[in-house]
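Student: Sequence plus the predicted model coming up.
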Amino acid sequence: MDNASSPGQPPLLPDASTALKQFRSSGRGAWAQVPDSDWNDWRWQLKNRVTQVEQLTRLLPSLTPEERAGAILAGQSKLALAITPHFFNLIDPEDPDCPIRRQVIPRLEETETAPWEMSDPCGEDGHSPVPGLVHRYPDRVLFLVTDRCAAYCRYCTRSRLVSNASGYDFHPEFDRQIEYIASHPEIRDVLLSGGDPLLLSDDKLEHLLSRLRAIPHLEFVRIGTRIPIFLPQRITPNLCSMLKRFHPLFLSVHTNHPRELTTEVRDALGRLADAGIQLGNQSVLLRHVNDSPEVMKALVQKLLLCRVKPYYLYQCDLIAGSAHLRSTVARGLEIMESLRGHTTGYAVPQFVIDAPGGGGKVPINPEYTLARQSGRVLIRNFEGRVFEYPEGTRPAVQLPRGESRASFDRD
Ligand SMILES: *Cc1c(COP(=O)(O)O)cnc(C)c1O
Ligand code: SF4
């Protein structure tokens, strides 16, 4: 961001998060010799991902013994190691607690499972009428497209199937998934996820979207993806012009730290937004990554600069081996309080817990209602000042069915 002041004007007083909001390129790092045509090619980025412990040791001399051990064990038992060169370059090699590093480099702690942790914390398999489809809410379904991602997040809630390191052997059957949606007229919303749907080729994705759009009762399609962050090169003009044929199309990205929003990522998100795609963001509250008001405020404001509306902030699911990355609900609430009223309303996500065992997303909010009794509501604002809102100032009337109190009171 350009923070320079004009001559003769006092310098802008940067708030604490200004530095965090600066846009930088991921740079080339260890890949300085690679020609642009390769670097900017998403297939090259995928082929050249960091997937081996030896590569990691070579590229990151400050690798700790815990990380080294974690990387050796990861692929064998849990979730594969993979990091795109683009994303790898965001790691600060000098900082053992680097927020980027913690998200993608395995650690030995991943092998420790607390008694309350699970391999399917949101109870998805139990709500799956056909393989690869989760039907939990009345009018919408989660449609798993693939078990592969451009890079793997160590806290992934779907690590039981994603990357197939634990042998889940996920084989989505699009025919059966589409048939189920077609035969359930109550489904008006499909969320494509995985794994990462944007790893499919343009042709495969186009075919899938066409088949979904051919279902008359389907109103709304959205894609959950971390590709714009891990692999912005994938967001080609071709992909964007294909996607825009399937409106209304929403897309939720997954960003946790403002440093992930590089110039490349901002431009990729801009291409999607220019194609008319509504962009939202989902973040996971992660210990030492983004569990501070300062980092989160910088993240949500920087997302708006990228034309992305912060959608959800998730309390980290109870996925096995994630204790070292999990923050507390109290911390999440403190962060929500630091945002609401203190920054643009559009920048404020909804904090949720995905109820363990399969209850769906439950909103968790700071308490702004102090009391509600006999015709008055006592509320506090973002500064802690207390206000009273009187209700029932008119004599109680019997409302006809379908009329709301509000529509009566305003006439
Ligand atoms: C998150 C989720 C959805 C979408 O929920 P929204 O609140 O509409 O974004 C749908 N199905 C499942 C199983 C989910 O986990
Ligand atoms: S991109 Fe999403 S699905 Fe893939 S590893 Fe990360 S959290 Fe899991």
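Tutor: On my side now, so go ahead. Ligands and ions are numbered 1, 2, ... in the order given.

Student: ok, G123 to ligand 1 distance?
Tutor: G123 sits 9 Å away from ligand 1, going by CB to the nearest ligand atom, to the nearest Å. For glycine as for every other residue, the C-beta is placed from the backbone atoms N, C-alpha and C.

Student: quick one, what contacts that residue?
Tutor: P356, G357, G358, G359 (CB atoms under 8 Å, 6 or more residues apart in numbering).

Student: please redo it, this time with the cut-off set to 10 Å
Tutor: V134, R136, D354, A355, P356, G357, G358, G359, G360 (CB atoms under 10 Å, 6 or more residues apart in numbering).

Student: What helix or strand is it located in?
Tutor: Using DSSP states H and E, G123 maps to neither a helix nor a strand.

Student: try S252
Tutor: Counting by DSSP H and E, the element that carries S252 is strand 249-254.

Student: related to what we said a few turns ago, select, from the contacts of G123, the two members most distant in space.
Tutor: Across these, no pair lies farther apart than V134 and P356, at 15.3 Å, counting by CB to CB.

Student: Neighbour count: these two, which is higher?
Tutor: V134 (22 against 14; other CB atoms under 10 Å).

Student: helices or strands next to the helix or strand hosting the more buried one in the packing?
Tutor: Using DSSP H and E, V134 sits in strand 133-137. Applying 3 or more CB pairs under 10 Å, 6 or more residues apart in numbering; DSSP states H and E, one finds that strand 133-137 makes contact with strand 140-144, helix 174-182, strand 189-193, strand 360-363.

Student: would you list the ones you listed in CSV and tack on mean neighbour count?
Tutor: Output for the helices and strands packed on strand 133-137, formatted as CSV (neighbours: other CB atoms under 10 Å):
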stretch, mean neighbour count
strand 140-144, 22
helix 174-182, 16
strand 189-193, 20
strand 360-363, 12
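
Student: Of those, which is nearest ligand 1?
Tutor: Taking CB to the nearest ligand atom, strand 140-144 is the member of these nearest to ligand 1, at 3.9 Å.

Student: what pLDDT, on average, does that closest one get?
Tutor: Taken as a whole, strand 140-144 has a mean pLDDT of 98.

Student: these two touch, right, K297 and P349?
Tutor: No: K297 is beyond contact range of P349, at 11.5 Å (criterion: CB atoms under 10 Å).

Student: which parts of the chain sit against ligand 1?
Tutor: V134, R136, Y137, R140, L142, L191, K361 (CB under 6 Å from any ligand atom).

Student: 5 Å instead, please
Tutor: Counting by CB under 5 Å from any ligand atom, the chain comes close to ligand 1 at V134, R136, L142.

Student: Pull the contacting residues for V53.
Tutor: L63, E67, R68, A69, G70, A71, I72, L73, A74, G75, L81, P106.

Student: Could you dump the contacts of G123 into JSON lines with pLDDT added?
Tutor: As requested, the contacts of G123 are exported to JSON lines (pLDDT from 0 to 100):
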{"residue": "V134", "pLDDT": "97"}
{"residue": "R136", "pLDDT": "97"}
{"residue": "D354", "pLDDT": "96"}
{"residue": "A355", "pLDDT": "96"}
{"residue": "P356", "pLDDT": "95"}
{"residue": "G357", "pLDDT": "92"}
{"residue": "G358", "pLDDT": "93"}
{"residue": "G359", "pLDDT": "94"}
{"residue": "G360", "pLDDT": "96"}
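
Student: of the helices and strands packed on strand 133-137, which approaches ligand 2 most closely?
Tutor: Ranking the helices and strands packed on strand 133-137 by proximity to ligand 2 (CB to the nearest ligand atom) places strand 189-193 first, at 7.1 Å.

Student: quick check, that closest one touching ligand 2?
Tutor: No: using CB under 5 Å from any ligand atom, strand 189-193 stays clear of ligand 2, coming no nearer than 7.1 Å.

Student: Toward the C-terminus, what is the element adjacent to that strand?
Tutor: Assigned by DSSP H and E, the successor of strand 189-193 is helix 202-213.

Student: Check the offset of that following helix from the chain's centre.
Tutor: With CA atoms, centre = their mean, to the nearest Å as the basis, helix 202-213 stands 23 Å off its chain's centre.

Student: Please tell me I have it right and I100 contacts F230.
Tutor: No: I100 lies out of contact with F230 (CB under 10 Å); the separation is 11.1 Å.

Student: quick one: the closest residue to W31 other than its chain neighbours and ligand 1, what's the gap?
Tutor: The shortest distance from W31 to any non-neighbouring residue, by CB to CB, 6 or more residues apart in numbering, is to P85 (5.2 Å). P85 sits 31 Å away from ligand 1, going by CB to the nearest ligand atom.

Student: helices and strands around the strand holding S252, which ones?
Tutor: By 3+ CB pairs under 10 Å, 6+ apart, strand 249-254 packs against strand 189-193, strand 220-224, helix 227-230, helix 263-274, strand 278-285, strand 309-315.

Student: dump the residue contacts of the nearest residue to H257 once chain neighbours are set aside.
Tutor: With CB to CB, 6+ apart as the criterion, H257 has its nearest non-adjacent residue at 4.5 Å, and that residue is P99. If you count contacts by CB under 10 Å, 6+ apart, P99 has them with 90-92, 256-260, 286, 288-291, 295.

Student: Give me the more crowded residue out of I100 and F230.
Tutor: In this view I100 and F230 are compared by other CB under 10 Å, and F230 has more residues nearby, 30 against 20.

Student: Nearest spatial neighbour of the more buried one, chain-adjacent residues omitted?
Tutor: Residue nearest to F230 in three dimensions, not counting chain neighbours: A150, with 4.0 Å by CB to CB, 6+ apart.

Student: Surely that neighbour touches T51?
Tutor: No: here A150 lies out of contact with T51, judged by CB under 10 Å, at a distance of 11.7 Å.
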